[in-house]
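Enquirer: sharing a model prediction with you, sequence too.
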Amino acid sequence: MKLKILGLLAGLLMIAVFIRLNSTLGSPRQPSFSDTAQAGDALKVTYPFDGTLFPKDIRSPEFRWSGLIPRGATWFIRVSFKGSDHAVLGTSYETSWTPSAEAWDDIRAHSLENPATFEVSASTGPAAAKAGVTFLTSKDPAGAPIFYRAVPAGPVFPTEKEFPRVKWNLGWISSYAPPINVMKEQRLCFNCHAASADGKTFGFDYNTRSEDMSSYLLFRGSGRSVTIRPQNMFDWNDYKRIGGRDPFQANASAISPDGKVVVTAGKALSLLAPKCPDIIQYSIFLRGILLYRTFDDPEIKALPGADDESFVHYPGSWSPDGKYIYFFGGPVPAAFADRIKAKLDGKDGDEHRKLGWRELDKLYPMRYGVYRIPFNGGKGGKAEPIRGASDNGRSNFFPRISPDGKWVVFAQSANGGTLIREDSDLYIVPAAGGEARKLKGSGPLADSWHSWSPNGRWLAFASKSYGPRTDIVLTHISAGGEDSPPVVLTQLRDNSGLSLNLPEFFNIKPGQFEEIIPELNAPAAEGDGPPPGQRSSVVHRR
């Protein structure tokens with residue numbers, strides 16, 4: 001009996017040790033020290049990356065290292081600065097170190113546009129147990145918070161049952177407090193969001209029910225709380241409504257810099273492959289024309305020059321002067337005719353076989369290009385392809401133009417334009433066209449859905465390359481279009497393991513837009529300023 005008890009205790013001890021060693025899996029931290037080192041694994045700093053440029057207003061980051069880790073080591077940290085004898089010292093008993101706010105303020109001040117060196121060494125073990133990287137702090141702050149969505153991770157897109165788990169957060173990169181949860185526990189789908197450059201007008205793709213893919217919320221607000229009411233909602237399918245169950249969808253909206261006009265891909269159709277095991281919501285855009293309306297006039301109109309139904313048009317952004325709309329698209333191949341006809345006839349035209357994305361790419365070849373078209377007060381014009389982002393044998397999508405109007409950053413992959421494709425990378429090209437260059441911040445896995453900071457110096461995007469879940473990442477873009485290694489915003493990660501996506505810089509001040517209150521069945525308050533002309537039939541679809 002005594003031997004059995006001792007054996008049981010030994011077993012429990014082994015389990016406890018196993019749990020302790022693996023307790024950090026899936027968290028922002030690297031695993032704790034290992035008892036033995038892998039042969040040939042030299043100690044290295046895994047974050048930040050060498051040459052990283054931090055925003056001036058970022059809170060203290062987490063430094064991490066891995067590799068040859070001596071048993072029971074204490075880690076000594078030293079941060080030194082070029083041209084100075086000053087140094088910041090620290091110790092850690094784990095393979096990570098986050099400077100205190102006071103220490104980080106000191107580091108930022110001495111590394112402002114000046115190289116700093118982070119070094120870590122072990123108290124025991126061979127002299128090889130030492131590593132370091134250099135980094136700098138930029139004079140440019142991000143200057144605005146990032147509004148983003150946190151969604152359940154998994155092999156498929158969140159279902160209606162999972163909608164209440166979705167969160168919409170607002171994160172200030174300077175804050176040591178958790179991100180602000182702006183909205184949660186919604187049983188309806190609030191999807192892609194957009195904001196005007198002045199941070200006063202906002203829009204959401206919004207589905208009132210599972211078969212509704214074209215409703216939209218357009219509202220203004222500048223206080224801490226923003227209430228959304230029925231008058232803020234309209235349906236893009238009111239444009240030339242065909243009656244009955246309308247098969248069309250509308251998404252990928254963009255709001256003009258002055259907040260007066262919103263444009264979307266309307267009368268749109270997509271081919272979905274919901275059983276694709278290696279890309280969430282594999283999709284091909286089959287159809288879409290540019291529809292627009294103003295904030296004050298409910299009439300929905302098509303933009304001439306972008307109203308050809310045999311050509312896909314999906315907007316990405318407006319030029320900062322409001323003269324051009326940048327979009328991606330291309331002619332629809334004849335091979336998709338049967339799928340389109342099935343959808344127009346109200347039938348299921350999607351792909352339901354369990355096929356990987358590479359197999360689907362072969363079956364459904366669709367490569368988009370980036371274009372721009374003059375808005376011209378709603379008169380439109382001729383769309384022109386952007387050289388370097390079109391006709392290059394690849395698919396180019398989600399164009400976003402910089403606030404100074406000089407650069408366009410777009411996503412590129414082998415095919416299609418799915419939100420998060422494993423092979424998508426970010427490229428930058430002159431706004432009028434030219435040679436495109438892959439961003440240094442693009443990692444080995446999916447990079448997509450990017451947004452410029454209001455000052456035009458920082459780009460936020462979603463990436464699957466730097467952690468167990470999709471992260472929000474920053475890179476600095478110089479006036480000459482040069483970018484820096486990625487800054488991974490681990491402070492925005494969700495403790496419940498949700499993946500982060502759809503990051504958008506919102507040009508607002510602290511204390512603004514901290515709560516969205518959907519009261520879509522409540523009467524509007526006087527002076528709420530909603531878009532007029534809402535049809536009661538749309539309001540009561542809920």
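Expert: Arrived safely, thanks for sending.
Enquirer: so residue 161, which state does it fall into?
Expert: With DSSP: H, G, I helix; E, B strand; the rest coil as the basis, residue 161 sits in helix.
Enquirer: burial measure for it, as a count.
Expert: When counting by other CB atoms under 10 Å, one arrives at 9 neighbours for residue 161. (Glycine included, C-beta is placed from N, CA and C.)
Enquirer: any idea how far it is from residue 299?
Expert: As judged by CB to CB, to the nearest Å, residue 161 and residue 299 stand 37 Å apart.
Enquirer: ok, now residue 146?
Expert: From residue 146 across to residue 299, the span is 34 Å (CB to CB).
Enquirer: go on, residue 167?
Expert: Distance from residue 167 to residue 299, counting by CB to CB: 35 Å.
Enquirer: can you check residue 498 too?
Expert: Taken as CB to CB, the span from residue 498 to residue 299 is 39 Å.
Enquirer: ok, the two, which is more surrounded?
Expert: Set side by side, residue 498 and residue 299 show more neighbours around residue 498, with 20 against 10, by other CB under 10 Å.
Enquirer: any idea how many residues pack against the closest residue to that one other than its chain neighbours?
Expert: Of all residues not flanking residue 498 in the chain, residue 150 sits nearest, at 3.9 Å (CB to CB, 6 or more residues apart in numbering). Other residues within reach of residue 150, judged by other CB under 10 Å, total 26.
Enquirer: which SS class is the nearest residue to residue 305 once chain neighbours are set aside?
Expert: Leaving aside its chain neighbours, residue 305 sits nearest to residue 380 (4.0 Å; criterion: CB to CB, 6+ apart). Secondary structure, three-state DSSP: residue 380 is coil.
Enquirer: so residue 380 sits against residue 327, correct?
Expert: No - at 11.8 Å, residue 380 does not count as touching residue 327 under the criterion of CB atoms under 8 Å.
Enquirer: got any residues that touch both of these two?
Expert: Residues touching both residue 380 and residue 327 by CB atoms under 8 Å, 6 or more residues apart in numbering: 306, 373.
Enquirer: ok, back up a step: bridging residues for the residue nearest to residue 498?
Expert: Per DSSP bridges, the residues bridged to residue 150 are residue 167, residue 500.
Enquirer: could you point out the helix or strand that follows the helix or strand hosting residue 358?
Expert: Per DSSP states H and E: residue 358 is located in helix 357-363. Next helix or strand after helix 357-363 toward the C-terminus (DSSP H and E): strand 369-374.
Enquirer: quick one: name whatever helix or strand follows that following strand.
Expert: Going down the chain from strand 369-374, the next helix or strand is strand 384-385, by DSSP H and E.
Enquirer: what packs against that following strand?
Expert: On a contact count with 3 or more CB pairs under 8 Å, 6 or more residues apart in numbering; DSSP states H and E, strand 384-385 meets strand 369-374.
Enquirer: how far does the strand it packs on sit from its chain's centre?
Expert: Its chain's C-alpha centre and that of strand 369-374 lie 22 Å apart, by CA atoms, centre = their mean, to the nearest Å.
Enquirer: note down every partner strand of that strand and its orientation.
Expert: Sheet pairing of strand 369-374 (DSSP bridges) gives strand 324-331 (antiparallel), strand 384-385 (antiparallel).
Enquirer: still on that earlier bit, how about the residue nearest to residue 498, what does it touch?
Expert: Taking CB under 8 Å, 6+ apart, one finds 166, 167, 168, 169, 494, 498, 499, 500 in contact with residue 150.
Enquirer: farthest-separated two in the residues you listed?
Expert: Within the contacts of residue 150, two members stand farthest from each other by CB to CB: 168 and 499, at 13.7 Å.
Enquirer: who's more crowded, the two?
Expert: Under the criterion of other CB under 10 Å, the comparison of residue 168 against residue 499 puts residue 499 first, with 22 against 19.
Enquirer: pretty sure that one sits against residue 469.
Expert: Yes - using CB under 8 Å, residue 499 is in contact with residue 469, at 4.4 Å.
Enquirer: and the end-to-end length of stretch 363-370?
Expert: 23 Å (CA to CA, to the nearest Å).
Enquirer: break this structure into its domains for me.
Expert: By the record's domain assignment, the chain is partitioned as 24-137, 146-538 (automatic domain parsing).
Enquirer: which of those domains is buried the deepest?
Expert: domain 146-538 (a mean of 19; mean count of other CB atoms under 10 Å).
Enquirer: give me the common contacts of residue 499 and residue 469.
Expert: What both residue 499 and residue 469 touch, as defined by CB under 8 Å, 6+ apart, is the set residue 153.
Enquirer: bridging residues for residue 328?
Expert: Note on residue 328: beta-bridge partners by DSSP bridges are residue 314, residue 370.
Enquirer: could you list every residue that touches it?
Expert: Residue 328 sits next to 312, 314, 316, 368-371, 396-399, 410, 417 when contact means CB under 8 Å, 6+ apart.
Enquirer: what's the farthest-apart pair in those residues?
Expert: Taking CB to CB as the measure, those reach their widest spread between 312 and 410, a distance of 15.1 Å.
Enquirer: hey, what's residue 437 bridged with?
Expert: With DSSP bridges as the criterion, residue 437 is bridged to residue 428.
Enquirer: again with residue 47
Expert: Counting by DSSP bridges, residue 47 forms beta bridges with residue 64.
Enquirer: read off the pLDDT value for it.
Expert: Looking at residue 47, its pLDDT is 96.
Enquirer: with the one 3 residues further on instead?
Expert: According to the model's per-residue confidence, residue 50 sits at a pLDDT of 96.
Enquirer: hang on, the earlier thing: which residues sit against the helix holding residue 358?
Expert: Taking CB under 8 Å, 6+ apart as the rule, helix 357-363 contacts 273, 276, 278-279, 282, 351, 355, 414-416, 418, 421-422.
Enquirer: same thing but 10 Å
Expert: Contacts to helix 357-363, defined as CB atoms under 10 Å, 6 or more residues apart in numbering, come from residues 271, 273, 276-279, 282-284, 335, 351, 353, 355, 367, 395, 413-416, 418, 421-423.
Enquirer: pretty sure residue 241 sits against residue 266.
Expert: No - using CB atoms under 10 Å, residue 241 makes no contact with residue 266, being 11.3 Å away.
Enquirer: who touches both of those two?
Expert: 248, 300.
Enquirer: all helices of the stretch 1-150 of the chain, in order?
Expert: Ranges of helices in the stretch 1-150 of the chain, per DSSP state H, counting those that start in this stretch, are 2-22, 101-111.
Enquirer: which of the ones you listed comes out lowest on mean pLDDT?
Expert: Among the helices of the stretch 1-150 of the chain, helix 2-22 carries the lowest mean pLDDT (a mean of 37).
Enquirer: so where's this protein uncertain?
Expert: In the predicted model, the chain carries pLDDT under 70 at residues 1-40, 125-128, 154-160, 162, 187-189, 209-211, 243-245, 520-542.
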